[in-house]
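> How does the following fold in three dimensions:
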Amino acid sequence: MKLFKIIFVIPVILALTVALAAPVFASEADDTQQGVQHVLDAEGLLSEKNSKKIEKAAESVYEKNGIDLFAYITGKKLPDPDETGSSVYQSYARSKAALVMMVDSDNAYLRVYGRAQNIFTDDEIATIAEKSAKQKSDAAILLTFVKLTGTSLTDKGVQPIPEGRLLPRLVDDAGLLSKSDQSELLAQLDEISERRQLDVVVVTNNSLGDKTVEQYADDFFDYNGYGYGENDDGILLLLSMDTREWAISTYGKAIDIFTDQGQQYMTDDFLPYISDAKYYKGFSRFAELCDEFIGQYNESGSAYDSDHLPKEPFGVAGALGGSLVVGLIAGLIVALTLKSQLTSVKPQTMATAYTMPGSLKITDRTDLFLYHNITRVARPKDTDSSSRHSSGHSHSSSSTHTSSSGRSHGGSHGHF
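Numbers count the residues shown, from 1 in each chain. Take a look at the predicted model:
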């Protein structure tokens, strides 16, 4: 009898356990399917229809542009909108960029966080806030905020930044390299990147589309998931054949490693190969220089910069130059020795030494103006080079600028 009770009780206990656990699993599954909640309405002030409409629009913006938009509503007066907005961002944002619109009993507030602060200007934020606040209902305010922000992000070309690298570290869309060269260069880039824990990337194309070479390089880095580690450290070299332009884009730790002067040194070294259509040699030399610069920074904690750059190799050019100098000095010594032996004739300061007495009779004298001297002084000119440009704010010894994703990049660009 006892055995029967035990056998009967065990299935009942298991059935009750499954029954009680089912709602929990279902709730977790529902949360996973719904994703992050963009509408935060704990008091139920919005209708279900309006709440779903705002939620759908906000999720669409996240999927298309990679920016979280949160709609927070309360029937009370917010004591501190800054604290509330920050709490929402820290608790719910999936990306490192978000905008939070808060509506309380009296006012509407708009706050911007993460890299979204670089995407929007203060004037743009003020315009979105003002147009949204003019709406007659809370639901209309929040929906207008989502729609205006989404339109602006799309117009700016902002796209989601992938979590992982999607493309190889060599993308030769211009077809400048043979298959064997591509394989060797990719192996070199991968080896350096993994050993140094910083992505070193080479990209070629035949068209920039409607972007500048700087924009294309930054966007290619951002939107194809390049960058090593949690800070996405990396450097990318872009070569565009339609405009004969090059660009370097740096991000994360690479901004500090590759300073403006350091990049100038690098391009002076590898660009001549590219200009001579020796593309593999140029790209390989770029990779070697990246390895050297990263090593310098990792070992000493300081980057190669204007007051400290790699020593120029003596090389073949140096040997030829040295031989030429030695030859000139030897030739000069021989010439001076031969000249010193010509002592039979000495220079005369007066013309009478070369005439016979009484042989020259001057019957007429005339003064002729033969020439004049003009001294010219050049006016100071702008020293900016048209082949190299840097823009943005100073980041240590590197200039930085904001890409379309709202991230801060270093880099340089020019023609070859």
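
> what's in contact with the helix or strand harbouring residue 298?
Following DSSP states H and E, one finds residue 298 within helix 279-300. With contact meaning CB atoms under 8 Å, 6 or more residues apart in numbering, helix 279-300 is reached by 176-178, 181, 184-185, 188-189, 192, 196, 198, 200, 202, 204, 235, 237, 239, 253, 256-258, 262, 266, 269-274, 302-304, 310. In short, each C-beta sits where N, CA and C put it, glycine included.

> Show me the domain layout of this protein.
With domains defined by automatic domain parsing, the chain comprises 34-155, 170-309+393-415.

> Among these, which comes closest to residue 332?
Nearest of the domains of the chain to residue 332, taken as CB to CB: domain 170-309+393-415 at 32.5 Å.

> show me what contacts the nearest residue to residue 162 once chain neighbours are set aside?
Nearest non-adjacent residue to residue 162, counting by CB to CB, 6 or more residues apart in numbering: residue 225, 3.8 Å away. By CB under 8 Å, 6+ apart, the residues touching residue 225 are 161, 162, 163, 164, 165, 166, 167.

> who touches residue 181 in this structure?
Going by CB under 8 Å, 6+ apart, residue 181 touches 279, 280.

> again, 7 Å this time
Residue 181 is in contact with residue 280, counting by CB atoms under 7 Å, 6 or more residues apart in numbering.

> ok, residue 158 - contacts?
65, 66, 67, 119, 404, 405.

> swap in residue 309?
Going by CB under 7 Å, 6+ apart, residue 309 touches 261, 265.

> phi, psi of it?
Main-chain torsions, residue 309, degrees, to the nearest 10: phi -120, psi 160.

> can you tell me which helix or strand residue 153 belongs to?
According to DSSP H and E, residue 153 maps onto helix 138-155.

> residues of that helix that come out buried?
Judged by neighbour count using 16 or more other CB atoms under 10 Å, the buried positions of helix 138-155 are 138-139, 141-150, 152-153.

> starting at the chain centroid, how far to that helix?
29 Å (CA atoms, centre = their mean, to the nearest Å).

> what packs against it?
helix 48-65, strand 68-73, strand 97-103, helix 122-133 (3 or more CB pairs under 7 Å, 6 or more residues apart in numbering; DSSP states H and E).

> Can you lay out the buried residues of helix 138-155 as TSV showing pLDDT?
What follows is these, written out as TSV (pLDDT from 0 to 100):
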residue	pLDDT
138	95
139	96
141	96
142	97
143	97
144	97
145	97
146	97
147	97
148	97
149	98
150	97
152	96
153	96
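
> Skipping adjacent residues, who's closest to residue 302 in space?
Residue 302 sits nearest to residue 308 (CB to CB, 6+ apart), 7.1 Å away.

> from the contacts of helix 279-300, which ones fall inside strands?
Judged by DSSP state E, the contacts of helix 279-300 include 200, 202, 204, 235, 237, 239 as members of strands.

> Kindly indicate the member of those residues with the most neighbours.
residue 235 (31 neighbours; other CB atoms under 10 Å).

> How many residues are close by the closest residue to residue 205 other than its chain neighbours?
Leaving aside its sequence neighbours, residue 205 sits nearest to residue 173 (CB to CB, 6+ apart; 4.6 Å). Neighbourhood size, residue 173 [other CB under 10 Å]: 13.

> how about the residue lying closest to residue 407 once chain neighbours are set aside, what does it touch?
Leaving out its chain neighbours, the residue that sits closest to residue 407 by CB to CB, 6+ apart is residue 115, at 5.5 Å. Residues near residue 115 by CB under 7 Å, 6+ apart: 96, 97, 405, 406, 407.

> Tell me the spacing between the fourth one and residue 399.
What it means is residue 406. Residue 406 sits 18 Å away from residue 399, taking CB to CB, to the nearest Å as the criterion.

> higher neighbour count, the two?
Using other CB under 10 Å, the more surrounded residue of residue 406 and residue 399 is residue 406, with 23 against 19.

> pLDDT weak spots in the stretch 201-350 of the chain?
In the predicted model of the stretch 201-350 of the chain, residues 312-327, 330, 335-350 satisfy pLDDT under 70.

> Would you map the helices across it?
Secondary structure of the stretch 201-350 of the chain (DSSP state H, counting those that start in this stretch): helices located at 213-223, 253-257, 260-275, 279-300, 315-340.
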